[in-house]
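In: Using only what follows, build the 3D model:
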Amino acid sequence: MNKSLIKNNFLKKIKLFKKYNKFYYEKDRPIVTDQEFDLLKKDLINLENKYQFLKSEYSPMSSVGFKPSKNFKKLRHKVPMLSLGNAFNEEDLINFEKKIINYLSLKDKSIIEYSAEPKIDGISASLTYINGRFERGLSRGDGLEGEDITENLKTINDIPKKITKKNFPKEIDVRGEVFIENDDFKNIDEKFANPRNAASGSLRQKDSSVTKKIPLKFIAYTHGYVKSMNIDNQTDFLDSLKLWGFKTNPFN
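Out: Next up is the predicted model:
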């Protein structure tokens, strides 16, 4: 296959990826399954790794999510809010571990410990706390800038508004997932296509009183920017999140 054909094939896939991305992130109305979306994403990444001359600003290697909505003020994440990588089979997991070992120049891979939990299908959010107070909340947006959805996030009971624990950092972006449980979704399913759409649509309401009527939940699992925190592994961080009043995945 010559360069021209390879590039044309790549650009067709990019156009499709851009379309799927727009419906998934901006319109909250996916038109393909998550598996189809992820497989196309993986295919594009493999093409770019194989052929160095392939480049696009819409590539999954250079873009995350979609541009923030114009309905909300845009704010920049202090630390980029990247998307999760995917593994489709055992070989992908083995390669993932090889990258870790090579990057850290480890001779003994048995010293690596993993923290694993089921992925919650919702909307990512980053919560900024300063001196223990919840100051603002952003959506992922395009990974660099997010939508200021603070008032809507304040309606979620799972999100602590003030934290007084002594070991809580002076400033931290607590990151996690806003979602709706399947049982709760049954009561509002006539309004939305699926639980993820319901969570996304609710967080993008201009009137927070409308958001408050939706049974949204929040589960925390990581952090972005952090100042003055003495925790150096994921297990201890999850334990601290629970002490600070956040809900974490019980199946970790």
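In: Low-confidence regions, the stretch 51-200 of the chain specifically.
Out: In the predicted model, the stretch 51-200 of the chain carries pLDDT under 70 at residues 61-71, 189.
In: 50 instead, please
Out: Within the stretch 51-200 of the chain, no stretch falls below the threshold (pLDDT under 50).
In: need the strands for it, in chain order.
Out: 74-76, 123-130, 133-139, 145-147, 171-179 (DSSP state E, counting those that start in this stretch).
In: Of the ones you listed, which is nearest Leu104?
Out: The closest of the strands of the stretch 51-200 of the chain to Leu104 is strand 171-179. By Cβ to Cβ, the value is 23.3 Å. C-betas here are computed from N, CA, C, even on glycine.
In: quick one: that closest one to strand 123-130, angle?
Out: Comparing the axes of strand 171-179 and strand 123-130 via axes from the mean of the first three to the mean of the last three Cα atoms, to 10 degrees yields an angle of 150 degrees.
In: and Asp142, how many neighbours?
Out: The local packing of Asp142 (other Cβ atoms under 10 Å) involves 18 other residues.
In: From here on, call the first residue 12.
Out: With the count now opening at 12, the last piece we talked about shows up as Asp153.
In: mind checking how far it is from Val189?
Out: 18 Å (Cβ to Cβ, to the nearest Å).
In: next one: Phe21
Out: 34 Å.
In: Which among the strands of the stretch 62-211 of the chain is found nearest to Glu47?
Out: Taking the strands of the stretch 62-211 of the chain one by one with Cβ to Cβ, strand 134-141 is closest: 20.1 Å.
In: and that closest one, what other elements does it pack with?
Out: Packing partners of strand 134-141 (3 or more Cβ pairs under 8 Å, 6 or more residues apart in numbering; DSSP states H and E): strand 144-150, strand 182-190, helix 206-214, strand 228-238.
In: Thanks a lot, see you next time.
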